[in-house]
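Peer 1: got a predicted structure plus its sequence, pasted below:
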Amino acid sequence: MPLIDESTIPAEAKSLVSEIGSTPDKSIPLLQEMQRRYGYIPEKLVEAVAKEIGMPLAELYGVATFYSQFRFTPVGKYLIRVCKGTACHVAGTEMLYSVISDELNVDEGETTEDMLFTLTSVACLGCCSLAPVVMINDTVYGKLTTAKIKKILNGYRNEKG
Amino acid sequence: MKKAKLIVGLGSCGIAAGAQDIYDYISSKVEGTSVEMGITSCVGLCHAEPIVDVLTAEERITYGNVDRKFADKLLEALQEGELPRENRILDSEEEKKYLEPQVKIVLKNCGVIDPESIDEYIQTGGYEALKKCLTTMKPEEIIEEIKKSGLRGRGGAGFPTAVKWSFLAASPSKIKYLVCNADEGDPGAFMDRAIMEGDPHAVIEGMVIGSYATGADHGYIYCRAEYPLALKRIKKAISEAEERNFLGENILQSGLSFHLDVKEGAGAFVCGEETALIASIEGKRGMPRLRPPFPAQSGIGGYPTNINNVETWVNVPRIILNGASSFNKYSYGKSFGTKIFALAGKIKRGGLIEVPMGLSIRNIVEEIGGGTTTGLPVKAVQIGGPAGGCIPDSLFDTPIDYDSINATGAIMGSGGLVVMDEKTCMVDVAKYFLSFTQKESCGKCTFCRIGTKRMLEILEKITEGKGEEEDMGKLENLAHHVNKTSLCGLGQLAPNPVLTTLKYFRKEYEAHIFEKRCPAGVCKALITMVVIDDKCTGCMLCKKACPVNAISGERKQVHSIDPDICTRCGICVETCKYDAIEVL
Ligand SMILES: Cc1cc2nc3c(=O)[nH]c(=O)nc-3n(C[C@H](O)[C@H](O)[C@H](O)COP(=O)(O)O)c2cc1C
Ligand code: FES
């Protein structure tokens, strides 16, 4: 995902608002579109959008920080979402999580130095009968073991070259 | 090649198990032949994904666990010879136990039709209920029929649907809203996802009927963002329904107008609560507020609003088309019709099931679910997610019915049913749910915000082996206050997992507190990993896998684990092929 170029912020804010709309109920869709474009919510862009739609910055920021979907730091090329739902918990997701965390040397919400992986957890991906489950970008992997997840991570690493 | 249609189950769970790859693979092989490809969604047999149905002139056979090799076999059989006998699911006696107790009202199309085709929906009777309403029924007759059916909300609380609708219908407001609650926040429930992926038009049809019955002209489907495929299919279904004039202005020349939009959630469990959901649709922080006023009086933008769950909406066209008696003939006490459960955890046949009210939990777990994957006895089921509770096997004769389940201290909730065996620690489960609700608390009510935190700290202390005798009493006391002083269901019901485990599994708490022992072998501070000398072959696999180098031993020599270095991560147990590592 591209990092935002600060000089384009005013134009970007205008484009977002013209695409999504400017009424108060569009706050969440606007933030979602920001994240779709950049992989995270650039702070300066929130300021510009708030101004553009005439909403107090604190209000838009308040919305952005309430919902766990929104991230404020750039993410890596591959976003790893480890399911910590009930079924996955019972199936031993903690172990998978610690293997991934050790393997990549990152903690919750952090990104590897090479900007390849970001590690996060979610509460249930709705594939509970395949627990434990991990989602990497849009691909869901089920019935995982520590050996399998290591192999999968290596697969993504090798794609890099 | 024989003439046939191969239908691949492409629900999220199927795709996760590799069904998309199978679809692409078979498609590339059959191009230009007499074999046609088709898709459907999840049929509920998630444990057997990827699933391929072979539809010939004579029959429809369902194959499970299909990989590329088996796909080749199927194709060969279609070239010449007979369709393979192996990998057929639902063929054996054992699997009949799975099907027989079930009644599919809501799920009747899931895993059968192509969810991306409005024509297939129409061919199976889709939109007939709507036509019946618009041409032969008055709005009040629809509400009356729903009332007769006895339908109660499937989102958790079980409020009678017809009563809710009649509030909205009675409101003189010019603007009224309908909402479909597809937030499905309960971690362990996935029926709403499966319905939206598998039969999206049924949700739409239910809502259009609701709009005619209540006079609402605008609706929202509020779906969590973690369900990309459900979102894609529901959006596609809406635009197709608009094209055919089942939605939009002057629907089927009846004068009825109804517009439907999709709102994507942004990851907040509390937004499943009605007033928080409304705040979220309005673009605000999803904080619940005091009721009254109820949404039917003042909802979205201050206008009257009616919210129902996905499963509730889909029951509507089925009841209208087949009559209330086709639904309320399944009954137990004050519960009517069927309920979908998402079977997960240590269950053999995990997936989605739909059962008539009154069936017992034992029936579900043992007959339909086939017992545990591990072969160990079932210890408990957790029903209702973070607001629900753990029901022990001694109460497995409890029937599926809102009131009977409430009496155990659990709740029906959305229908997540997680099966636990002896290797599941009930204190750990209580801690798990509490850490979930504690994180998801919106922070408005003090006890929900801080009380749950204090309870969590006590549970952490107990699982770390530092528990004291008075901790159980403290938990019960705090639970009482959190329940009594929270505004919404999140806080009110958050103590349920703790209270039910304290009630039914007190011995496990006592083992942690007094004996500093975790009977299930889960709580890291209270267990040790040891090598069983007789079983260890010295293969070195565990030694290689151990992330902290706690295992020593030469090839073909019995290994040993240094308890001072070992972090109890469990990787060695998972890695060992000879079950040679024991958790004490
Ligand atoms: C914290 C909390 C979370 C909830 N989550 C959901 C949910 O994810 N889906 C749902 O349908 N209902 C959920 N509910 C219940 C709804 O508030 C509401 O009762 C329901 O959507 C009404 O629909 P019904 O009458 O068809 O059941 C939740 C309630 C609370 C208190
Ligand atoms: S609990 Fe992990 S997918 Fe549902």
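Peer 2: Structure received. Please read all numbers here as calculations on a predicted model, not as lab measurements. Ligands and ions are numbered 1, 2, ... in the order given.
Peer 1: compute the number of surrounding residues for B:Thr124.
Peer 2: For B:Thr124, the neighbour count with other C-beta atoms under 10 Å in any protein chain shown is 15. Where you see a C-beta, it was placed from the backbone N, CA and C, and this is true even at glycine.
Peer 1: contacts only, for it.
Peer 2: B:108-109, B:112-113 (C-beta atoms under 8 Å, 6 or more residues apart in numbering or on different chains).
Peer 1: repeat for A:Arg71
Peer 2: Here A:Arg71 is in contact with A:35, A:39-41, A:109 (C-beta under 8 Å, 6+ apart).
Peer 1: can you pull the contacts of B:Ile89?
Peer 2: B:Ile89 neighbours (C-beta under 8 Å, 6+ apart): B:45, B:48, B:51, B:62-64, B:95.
Peer 1: what's the closest of the residues you listed to ligand 1?
Peer 2: Using C-beta to the nearest ligand atom, B:Leu45 comes nearest to ligand 1 of the contacts of B:Ile89, at 24.0 Å.
Peer 1: for the closest residue to B:Thr463 other than its chain neighbours, give its distance to B:Val530.
Peer 2: Among residues not flanking B:Thr463 along the chain, B:Cys523 sits closest, at 4.3 Å (C-beta to C-beta, 6 or more residues apart in numbering or on different chains). Shown here: B:Cys523 relative to B:Val530, a distance of 17 Å by C-beta to C-beta, to the nearest Å.
Peer 1: cool, and B:Gly125?
Peer 2: For B:Gly125 relative to B:Val530 (C-beta to C-beta), the value is 61 Å.
Peer 1: which one of B:Cys523 and B:Val530 is surrounded by more residues?
Peer 2: Neighbour count, other C-beta under 10 Å: between B:Cys523 and B:Val530, B:Cys523 has more, with 21 against 15.
Peer 1: residue contacts, the more buried one?
Peer 2: B:Cys523 makes contact with B:425, B:427-428, B:463-465, B:512, according to C-beta under 8 Å, 6+ apart.
Peer 1: repeat that for 10 Å
Peer 2: B:425, B:427-428, B:431, B:462-465, B:512, B:516-517, B:568 (C-beta atoms under 10 Å, 6 or more residues apart in numbering or on different chains).
Peer 1: and these, which are buried?
Peer 2: Using 16 or more other C-beta atoms under 10 Å in any protein chain shown as the burial test, these include B:425, B:427-428, B:431, B:462-463, B:465, B:512, B:517, B:568 as buried.
Peer 1: okay, now B:Pro115: neighbour count?
Peer 2: For B:Pro115, the count of nearby residues is 31 (other C-beta under 10 Å).
Peer 1: part of a strand, is it?
Peer 2: No. Assessed by DSSP: H, G, I helix; E, B strand; the rest coil, B:Pro115 does not belong to a strand; its assignment is coil.
Peer 1: isn't it up against B:Ser12?
Peer 2: No. Counting by C-beta atoms under 10 Å, B:Pro115 stays clear of B:Ser12, with 11.9 Å between them.
Peer 1: find the residues that touch each one of the two.
Peer 2: Here B:Pro115 and B:Ser12 share the contacting residues B:41-42, B:197, B:229-230, scored by C-beta under 10 Å, 6+ apart.
Peer 1: which one of these sits closest to chain A?
Peer 2: For the shared contacts of B:Pro115 and B:Ser12, the residue nearest chain A by C-beta to the nearest C-beta is B:Ala230; the value is 8.2 Å.
Peer 1: do you know how far the closest residue to that closest one other than its chain neighbours is from A:Glu33?
Peer 2: Counting by C-beta to C-beta, 6+ apart, B:Ala230 lies nearest to B:Met196, which is 3.8 Å off, once chain neighbours are set aside. In this view, B:Met196 and A:Glu33 are 22 Å apart by C-beta to C-beta.
Peer 1: could you report the neighbour count for the residue in chain A that ligand 1 sits nearest to?
Peer 2: The nearest approach of chain A to ligand 1 comes at A:Cys124, 10.7 Å away (C-beta to the nearest ligand atom). A count of nearby residues for A:Cys124, using other C-beta under 10 Å, gives 31.
Peer 1: hmm, it is touching B:Glu226, no?
Peer 2: Yes. Assessed by C-beta under 10 Å, A:Cys124 is found in contact with B:Glu226 at 7.4 Å.
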